[in-house]
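[1] Build me a model from this:
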Amino acid sequence: MAKPDILYGSLIEDIVDDDLSENNRRIIVSNIYNASFVRDQSHRQERLRTPKTAKWSLTDVYTKMRQAIENYEQRQNTPSKNRITFTEDESDKKNQTEIISVKCIRRDPGLFQQGTPYDAGKPATVKNMTPRLREEKNDPDHKGYSVAILGKWFDNVVRLTCWARTNKRANYRADWLETLMEEYMWWFKAEGIDRTFFIGRGEDQVKGTEDDNRWYGRPLDYFVRTEKISMRSEKQIEEILLKTTLSNE
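    Take a look at the predicted model:
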């Protein structure tokens, strides 16, 4: 008996319903593709191509921030022993005199509005809940098929906290980091992080009870817009449609 994954020619034609013959299947696939990814979004103005591979995960964002800090310190000729530890874990303060910790305090589907994100005076009701069409082109791997490039925005608030052993040093490092982030905003965009800008500075923090074990923190909040890029191919739809139909026989 022939295995399902090596069925060819007339054998497939015998199994597949007449409604899924070659011509009819292509019509069904084309209709699904257009209705799901192209036709219902053709009027939207945000059909833009991302200039470089988009970053969407917070891990990607944190990596780019770490790279910016390392590059900035190199440009300032900062000795290796004096360079900042950038970490997602505040417990890394052990045996350090300064660190910058990072965490996400908010993440939402991208909002479509003008002005400052999360502005309480201008509540946004339109969110990028589903991926939207960015580009449509011919599928390079399957002649006669099309592929839709889809994008979905995410709005994030990332908190960078400068920790030091004294208030004076923590204040200095917060000012230093503000300058760095402003200088590298264009670079973040070029690296696939669509928008990065300063929201505000939080209340000063103090952790620890003993003077020799006390840490002073200066939290800085940044709005970061990321974008998840995905592709939907007519050929992929056809393969899924055929596979599920055969499975139900």
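[2] could you pull out the helices for the chain?
    9-15, 22-33, 58-75, 167-183, 185-190, 234-247 (DSSP state H).
[3] Let me know which of the ones you listed is the nearest to residue 96.
    Distance to residue 96, taken as Cβ to Cβ, is lowest for helix 167-183 among the helices of the chain, at 12.1 Å. In this view, the C-beta of every residue, glycine as well, is placed from N, C-alpha and C.
[4] mind giving me TSV with the helices of the chain and columns for distance to residue 107?
    Rendered in TSV, the data for those read as follows (distance: least, Cβ to Cβ, whole Å):
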stretch	distance to residue 107
helix 9-15	45
helix 22-33	30
helix 58-75	7
helix 167-183	19
helix 185-190	17
helix 234-247	28
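[5] and these as a markdown table, adding distance to residue 203, mean neighbour count and mean pLDDT?
    Listed next are the helices of the chain as a markdown table, based on distance: least, Cβ to Cβ, whole Å; neighbours: other Cβ atoms under 10 Å; pLDDT from 0 to 100:
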| stretch | distance to residue 203 | mean neighbour count | mean pLDDT |
| --- | --- | --- | --- |
| helix 9-15 | 67 | 10 | 44 |
| helix 22-33 | 51 | 14 | 72 |
| helix 58-75 | 22 | 16 | 95 |
| helix 167-183 | 12 | 16 | 97 |
| helix 185-190 | 25 | 15 | 91 |
| helix 234-247 | 50 | 15 | 68 |
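[6] roughly how far apart are residue 91 and residue 214?
    Counting by Cβ to Cβ, to the nearest Å, the gap from residue 91 to residue 214 is 16 Å.
[7] the more surrounded of those two?
    For residue 91 versus residue 214, the count of surrounding residues by other Cβ atoms under 10 Å is larger for residue 214: 13 against 8.
[8] Could you pull up the contacting residues of the more buried one?
    For residue 214, the contacting residues are 165, 206, 207, 208, by Cβ atoms under 8 Å, 6 or more residues apart in numbering.
[9] neighbour-wise, which of those leads?
    Among the contacts of residue 214, the one with the most neighbours (other Cβ under 10 Å) is residue 165, at 18 neighbours.
[10] Backbone dihedrals for that one, both of them.
    phi -80, psi -20 (degrees, to the nearest 10).
[11] Quick check: it touching residue 216?
    Yes: the pair residue 165 / residue 216 is scored as a contact, 7.3 Å apart, by Cβ atoms under 8 Å.
[12] Per-residue pLDDT of the residue nearest to residue 85 when sequence neighbours are not counted, please?
    Nearest residue to residue 85, sequence neighbours excluded (Cβ to Cβ, 6 or more residues apart in numbering): residue 99, at 4.4 Å. Residue 99 carries a pLDDT value of 95.
[13] wait, what's in contact with residue 99?
    Counting by Cβ under 8 Å, 6+ apart, residue 99 has contacts 84, 85, 86, 87, 90, 92, 93, 163.
[14] And the helices of the chain: which comes nearest residue 138?
    helix 234-247 (10.3 Å).
[15] Nearest residue to the middle of this protein?
    residue 56 (0.8 Å; Cα atoms, centre = their mean).
[16] from memory it sits against residue 154, does it?
    Yes: judged on Cβ under 8 Å, residue 56 makes contact with residue 154 at a distance of 6.2 Å.
[17] Need the residues touching each of those two.
    Looking at what touches both residue 56 and residue 154 (by Cβ under 8 Å, 6+ apart), the common residues are 226, 227, 228.
[18] Let me know the closest of the residues you listed to residue 131.
    residue 228 (7.4 Å).
[19] any idea how far the closest one is from residue 32?
    Noted for residue 228: a distance of 22 Å to residue 32, by Cβ to Cβ.
[20] can you check residue 204 too?
    56 Å.
[21] Good, wrapping up.
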